[in-house]
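**Q** 3D model of this:
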Amino acid sequence: MKNKFFALALAAIGFTQPAMADNFVVSYDGFHDRLKVIEKGEFEFARVNFYIVDIATLEPCKIAKGKIVTENSETPLTYTEDAQLLLPYDDKLDKDKAVLIIEPQNPKHDCQLKFQIEAEHFGLENLTKADIYQLHHEFDELLSDLSGFFVSKLMSFLLPSQKGISVKFDNQVAFNQPGVSCANNVCKFTVKDSWEGDDFKFTSDSMSAKPVLITPWIEK
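**A** Take a look at the predicted model:
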């Protein structure tokens, strides 16, 4: 039973859903439910993003084309080179039971849908204790909201333990200040309550390196 609910909690961090090898269809309503959490919440940095990835390698499944279809309409699907789906928060699409039809560039790929909690609009200038503290708590709130009332409120002990944030840089980097440890180009910041409102800024030995992916640091 615990494993089942732990899986539900992880769905908010990096949930994956298998899809067909050729064109595949996925309902818009699952996206809408997650986008609604962001729309109704107060999140400056935290987001939930959607990707198509290869089942075996977890590398992006490049998209040839896609569309959002309802009984009475059809619109092109917007996506990035990294196979991120850029979806609108649209109550009408949800009401009209819209579906996404996606064609991978490589029809032999086995692809799956992945939901990922990430930070947006969080750059080098935000590597202060105060902003990292804020992002850490936004991640925690978003994870709780996406996990639902039953898990987050009544069975909170089943949620994974979030220690801080993980930052992947575009180059190898190192920080000498306490509270952060790095391996190659990934640094993990252990967030403390004393960081709230603290403008201390972390500086590295290579400030030319830029953040490319920021996610919750989950203790496994």
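**Q** distance from the centroid: which residue in this structure tops it?
**A** residue 72 (31.3 Å; CA atoms, centre = their mean).
**Q** which helix or strand contains that one?
**A** Per DSSP states H and E, residue 72 falls between elements, in no helix or strand.
**Q** surely it meets residue 97?
**A** No. Contact criterion CB atoms under 8 Å: residue 72 and residue 97 do not qualify, at 10.8 Å. To be clear about C-beta, it is placed using only N, CA and C from the backbone, and glycine gets the same treatment.
**Q** where does the residue nearest to residue 119 when sequence neighbours are not counted land in three-state SS?
**A** Using CB to CB, 6 or more residues apart in numbering and skipping the chain neighbours, the partner closest in space to residue 119 is residue 214 (3.8 Å). Secondary structure, DSSP: H, G, I helix; E, B strand; the rest coil: residue 214 is strand.
**Q** pull the number of nearby residues for residue 214.
**A** For residue 214, the count of nearby residues is 24 (other CB atoms under 10 Å).
**Q** separation between it and residue 121?
**A** Residue 214 sits 10 Å away from residue 121, going by CB to CB, to the nearest Å.
**Q** likewise residue 195?
**A** From residue 195 to residue 121 the distance is 19 Å (CB to CB).
**Q** before we move on, what about residue 144?
**A** Taken as CB to CB, the span from residue 144 to residue 121 is 22 Å.
**Q** kindly report the same for residue 147.
**A** From residue 147 to residue 121 the distance is 24 Å (CB to CB).
**Q** residue contacts, residue 208?
**A** Contact analysis of residue 208 by CB atoms under 8 Å, 6 or more residues apart in numbering lists residue 171.
**Q** mind listing what's buried along stretch 33-53?
**A** Buried residues in stretch 33-53, counted by 16 or more other CB atoms under 10 Å: 34-35, 37-38, 43, 45-53.
**Q** so which of these sit within strands?
**A** Per DSSP state E, strands hold the following members of the buried residues of stretch 33-53: 46, 47, 48, 49, 50, 51, 52, 53.
**Q** pretty sure the third one is touching residue 117, no?
**A** Translated: residue 48. Yes. Counting by CB under 8 Å, residue 48 touches residue 117, with 5.6 Å between them.
**Q** please report how far residue 180 lies from residue 27.
**A** On the measure of CB to CB, residue 180 and residue 27 end up 41 Å apart.
**Q** ok, residue 96 touching residue 68?
**A** No. Applying CB under 8 Å, one finds residue 96 not in contact with residue 68, separated by 10.0 Å.
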